[in-house]
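# coords please:
(chains A and B)
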Amino acid sequence: MTLQRIVVVGNGIAGLTACDSLRSAGFDGELTVVGAERHHPYSRPALSKALLHGDDGNSDGALRAHELPPPTHEATELLGVSATGLDVDARLVSLDGGGELPYDGLVIASGSRAKRLASWQSGGPQPEGTSRELTLRTIEDAVALKERVSDRPSVIVVGGGPLGMEVASGCLHMGCDVTLVSGATPLSRQLGDHLAGIFTSAAIGRGLRVVGGGKARLVDRGDSATVVLADGTELEADLVVTAIGDEPNIDWLAGSPLLTDGSLRVDSRGRLRPDIVAAGDVAFFPTLRGVQRVPLWTSAIDQARVAAVGLLQGDAAPEFNFQPYFWTEGFGLSLKAVGFTPVAGAPDYCEPGGESGSALLRWDNPDGSGTAAALNYRIPIPRLRRLADAGPAALRPNAPARV
Amino acid sequence: MRIELDRPRCEGHGLCEEAAPTLMHLDDDGELVIDVPDAEGADLDAAKAAVRVCPVAALRLAAA
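Take a look at the predicted model:
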């Protein structure tokens, strides 16, 4: 059946890319995109990177680094509207405010939201302490955080992943006293001990205090917020920023037959069923390392491209071959990585760059794949991919291109 | 459509080169070079993909 009406739920980079890809693949029917945020899509990675570090490239103080070019997909955009339910038999998406959208094809790209420390302990009503807990997920979060940080408060960042480290770096850059609470060496779970060690050393060198500690609890004591660690240690600060992960926005799908053990798991073409695909932070998808959710920029874009074609062409569509790309910045370091992470141990190949601390690194992974990383080293991603896939010989002059 | 680069925004990720290798590349210093500034037809799809994938929106398409 030729699809006449496609609804895209979610207007982040996955939803936007899905709309673009549907048009590129020839869909000229009625396209509607529903976005819970009141804005056109923007670059979420920029929020924790350029915005907090203040090098936003303009002088009028406005936040710009996150802005993307305006959409060209000519979809009907319903902004500031959430999907609240789905009837897969009647093919209807229900919206807050009471409206319904019929579809022949549906793209689920409803993204994820920040987990909050204050809701960790119980599923009940918002406990005390929530007012001092900031997270960083949306442009509103970024504006609020930037404003709070400009007074140079003391800050506790809870969470030693890339987001927590980028926020900590940004707060240090703004002149705050910053303590980072992390269960393991920051970034070790994401990158492995070698790269984590480099970042953590640089962070400590710039004045970051790193405190170990498992599950933390937040207590509001009026003048300050207190983070209580699992061992009873209490840390106090003016401001607590939590970066403890994200959870998929699937509440609106509760009770629908799309969920498997409470999650959305798509096939290799992004499909949940022939008329429904999913992409981006909301979706689990098959990779060479098993079924995963990979809430990162290029992952969302690549998934959305695959899912759009999967919706239009079914089994004739190409399968997804996920090629991870990850980058982070902070503490004077810039890292790009291609291939699966974390990587074990020290790199098997290291080529120093022109400047101190600059290097190209490569790991041979036990599964036969390679991971390549560029540390303070400008290199095109296709070249970094060749290093990951084919090893250092691929970087030599006159090396044959990867086929 | 004309591919325009806002050079100060470019962080040298090179995801655009991956999306449109025939239209642009990062040179040996990691600076982006637009090889084919005017993209039409099949090139236009590649150019759109390149613009879209840039996490810092350093690329734009403008009427030629």
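# can you report phi and psi for the closest residue to A:Leu187 other than its chain neighbours?
Among residues not flanking A:Leu187 along the chain, A:Ala196 sits closest, at 4.1 Å (Cβ to Cβ, 6 or more residues apart in numbering or on different chains). In short, each C-beta sits where N, CA and C put it, glycine included. With angles defined as degrees, to the nearest 10, A:Ala196 sits at phi -60, psi -40.
# burial check on A:Ala196, number of neighbours?
21 (other Cβ atoms under 10 Å in any protein chain shown).
# find the nearest non-adjacent residue to the closest residue to chain A within chain B, please.
With Cβ to the nearest Cβ as the measure, B:Gly30 is the residue of chain B nearest to chain A, at 2.6 Å. Leaving aside its chain neighbours, B:Gly30 sits nearest to A:Arg378 (2.6 Å; criterion: Cβ to Cβ, 6+ apart).
# and if you look at A:Arg265?
In space, A:Arg265 is closest to A:Phe284, 4.5 Å off (Cβ to Cβ, 6+ apart).
# mind listing the helices for the stretch 51-200 of chain A?
Assigned by DSSP state H, counting those that start in this stretch, the helices in the stretch 51-200 of chain A fall at A:52-53, A:139-149, A:162-173, A:188-191, A:193-205.
# what's the most buried one of these?
Highest mean neighbour count among the helices of the stretch 51-200 of chain A (mean count of other Cβ atoms under 10 Å in any protein chain shown): helix A:162-173, with a mean of 26.
# how far does that one sit from the chain's center?
With Cα atoms, centre = their mean, to the nearest Å as the basis, helix A:162-173 stands 15 Å off its chain's centre.
# in CSV, list the helices of the stretch 51-200 of chain A along with mean pLDDT.
Formatted as CSV, the helices of the stretch 51-200 of chain A follow (pLDDT from 0 to 100):
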stretch, mean pLDDT
helix A:52-53, 71
helix A:139-149, 92
helix A:162-173, 96
helix A:188-191, 96
helix A:193-205, 97
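# quick check: A:Ala359 vs chain B, distance?
14 Å (Cβ to the nearest Cβ, to the nearest Å).
# what residues does chain B put near chain A?
Within chain B, the positions lying close to chain A (Cβ under 8 Å from any Cβ of the partner chain) are B:8-9, B:12-15, B:17-18, B:21, B:25-26, B:29-30, B:45, B:48-49, B:51-53, B:55-57, B:59-61.
# what sits against the residue nearest to A:Leu187?
Each residue near A:Ala196 by Cβ atoms under 8 Å, 6 or more residues apart in numbering or on different chains is listed here: A:Thr185, A:Pro186, A:Leu187, A:Ser188, A:Gln190.
# run the last query once more with 7 Å
A:Thr185, A:Pro186, A:Leu187, A:Ser188 (Cβ atoms under 7 Å, 6 or more residues apart in numbering or on different chains).
# are any of the residues you listed buried, and if so which?
Buried members of the contacts of A:Ala196, scored by 16 or more other Cβ atoms under 10 Å in any protein chain shown, are A:Thr185, A:Pro186, A:Leu187, A:Ser188.
# list the buried residues for whichever helix or strand the residue nearest to A:Arg265 is part of?
According to DSSP states H and E, A:Phe284 maps onto strand A:283-287. Neighbour-count burial for strand A:283-287, counted by 16+ other Cβ under 10 Å, picks out A:Ala283, A:Phe284, A:Phe285, A:Thr287.
# and what of stretch A:254-263?
So stretch A:254-263, judged by 16+ other Cβ under 10 Å, has buried residues A:Leu258.
# do the same with stretch B:12-25
In stretch B:12-25, counting by 16+ other Cβ under 10 Å, buried: B:Gly12, B:His13, B:Gly14, B:Leu15, B:Cys16, B:Glu17, B:Glu18, B:Ala19, B:Ala20, B:Leu23, B:Met24, B:His25.
# now stretch A:81-97
Buried residues in stretch A:81-97 (16+ other Cβ under 10 Å): A:Val81, A:Ser82, A:Ala83, A:Gly85, A:Leu86, A:Val88, A:Arg91, A:Leu92, A:Val93, A:Ser94, A:Leu95.
# for stretch A:268-275, same thing?
Buried, per 16+ other Cβ under 10 Å, within stretch A:268-275: A:Ser268, A:Arg269, A:Gly270, A:Arg271, A:Leu272, A:Asp275.
# mind checking the longest helix of the chain?
Using chain A. helix A:297-313 (DSSP state H).
# was after chain B, sorry
Longest helix in chain B, counting by DSSP H: helix B:42-53.
# which helices and strands sit right next to the helix or strand following it?
Per DSSP H and E, helix B:42-53 leads on to strand B:59-62 as the next helix or strand towards the C-terminus. On a contact count with 3 or more Cβ pairs under 7 Å, 6 or more residues apart in numbering or on different chains; DSSP states H and E, strand B:59-62 meets strand B:2-5, helix B:42-53.
# who touches the helix or strand where A:Lys336 lies?
A:Lys336 is part of strand A:333-338 when elements are defined by DSSP H and E. Applying Cβ under 7 Å, 6+ apart, the contact partners of strand A:333-338 are A:195, A:199, A:202, A:324-328, A:371-376, A:381, A:384-385, A:388, B:13.
# now, those that are in helices?
A:Leu195, A:Phe199, A:Ala202, A:Ile381, A:Leu384, A:Arg385, A:Ala388.
# report how many residues lie close to residue 48.
All of this refers to chain A. 26.
# sorry, I should have been clearer: chain B.
B:Lys48 has 24 nearby residues by other Cβ under 10 Å.
# the one 3 residues further on too?
Other residues near B:Val51 come to 24 when the count uses other Cβ under 10 Å.
# quick one, what contacts it?
A:Pro69, B:Leu59, B:Arg60, B:Leu61.
# any idea how far A:Val167 is from it?
Note on B:Val51: its distance to A:Val167, by Cβ to Cβ, to the nearest Å, is 28 Å.
# tally of neighbours for A:Ala300?
Neighbours of A:Ala300 (other Cβ under 10 Å): 27.
# how about it, what does it touch?
By Cβ under 7 Å, 6+ apart, the neighbours of A:Ala300 are A:Ile13, A:Ala14, A:Ala279, A:Gly280, A:Asp281.
# check A:Asn376 too.
A:Asn376 touches A:Leu333, A:Ser334, A:Gly353, A:Glu355, A:Gly357, A:Ser358, counting by Cβ under 7 Å, 6+ apart.
# can I get those in CSV with neighbour count?
Formatted as CSV, the contacts of A:Asn376 follow (neighbours: other Cβ atoms under 10 Å in any protein chain shown):
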residue, neighbour count
A:Leu333, 19
A:Ser334, 18
A:Gly353, 15
A:Glu355, 9
A:Gly357, 13
A:Ser358, 16
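# so which of those residues comes closest to A:Ala317?
Closest approach between these and A:Ala317, by Cβ to Cβ: A:Ser334, at 35.5 Å.
# so what's that closest one bridging to?
Note on A:Ser334: beta-bridge partners by DSSP bridges are A:Glu329.
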